[in-house]
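Asks: Just to be clear, the model below is a prediction. Sequence and coordinates:
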Amino acid sequence: MAVGWKLVVDSAEPLALARFWAEALGYTIEDHDALIERLHGAGMIDESMFTVVDGRKVWNHAAAVRHPDDPVEEASGTGLGRRVLFLKVPEPKTVKNRLHIDLHFGPERKDAAVKRLESLGATVVRAVEEPGSSHVTMADPEGNEFDVQ
C-alpha cells in the first residue's frame, strides 16, 4: 500500500520561503486562517503563535504550499496531496542538502525557468553538463539547493 508523504524544509522565514516555492512550482500557499481562528477562539493558542498577513491569520512557525489540483481538508486548509511544509528553526543552513527537489521544465524551457527563478530570489550555484544530463543547480532564498532540468 502506498504511503502519503509531505516534504518538510527547515527555514528561517517559513512564509517567505513558502511564497518563493509557491511561485517556483505553480503551487498554492495553504490558507490556515480558519484553523488558527478556531484554535484561538477555543483558547488553545494565543496571539504569539500567529500573525495577520493580507487580512488572514498565518502561523509564525510554519507555512505550506500544495499542488492546486489536489484535495484540501476544508476545516484546516491543509493539502491532502502533494505539499511542502516549511518549519521555522533557530539555526541557519550550514551544509549541502542531502535531499533536494528537481524541477523538470525541459531543455527548451530550462534557461527561461532559471531566469524566472532568479527574479524570484534564487541564485545559480553551478551549471552541470554530464553525459546524458544537463541541469542548473540553484539555491532558494535561504540557500537550499535544487536542480532545474
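Replies: It's in. Not measured: the values here are computed from a predicted model.
Asks: all strands for the protein, in order.
Replies: Secondary structure of the chain by DSSP state E: the strands cover 7-11, 28-29, 50-53, 56-59, 62-66, 72-73, 78-79, 83-88, 101-103, 123-130, 133-139, 145-148.
Asks: so which of those strands is the most packed in?
Replies: Each of the strands of the chain was scored by mean neighbour count; the highest is strand 62-66, a mean of 24, by mean count of other Cβ atoms under 10 Å. Heads up, the C-betas are built off the backbone N, CA and C, glycines and all.
Asks: chain center to that one, what's the gap?
Replies: Distance of strand 62-66 from its chain centroid, counting by Cα atoms, centre = their mean, to the nearest Å, is 6 Å.
Asks: So that it lines up with my notes, have the first residue be 556 from now on.
Replies: Let's use 556 as the start, then, which means that last one is strand 617-621.
Asks: Parallel or antiparallel, which strands does it pair with?
Replies: Pairing partners of strand 617-621, with direction, according to DSSP bridges: strand 583-584 (antiparallel), strand 638-643 (antiparallel).
Asks: Which one, of the ones you listed, ends up nearest to residue 618?
Replies: When those are compared for distance to residue 618 using Cβ to Cβ, the nearest one is strand 638-643, at 5.1 Å.
Asks: Please name the residues that touch residue 603.
Replies: Residues near residue 603 by Cβ atoms under 8 Å, 6 or more residues apart in numbering: residue 615.
Asks: before we move on, the earlier item: out of the strands paired with strand 617-621, nearest to residue 681?
Replies: strand 638-643 (23.4 Å).
Asks: Touching that closest one from outside, list them.
Replies: 561-570, 572-573, 576, 580, 582, 585, 615-622, 625.
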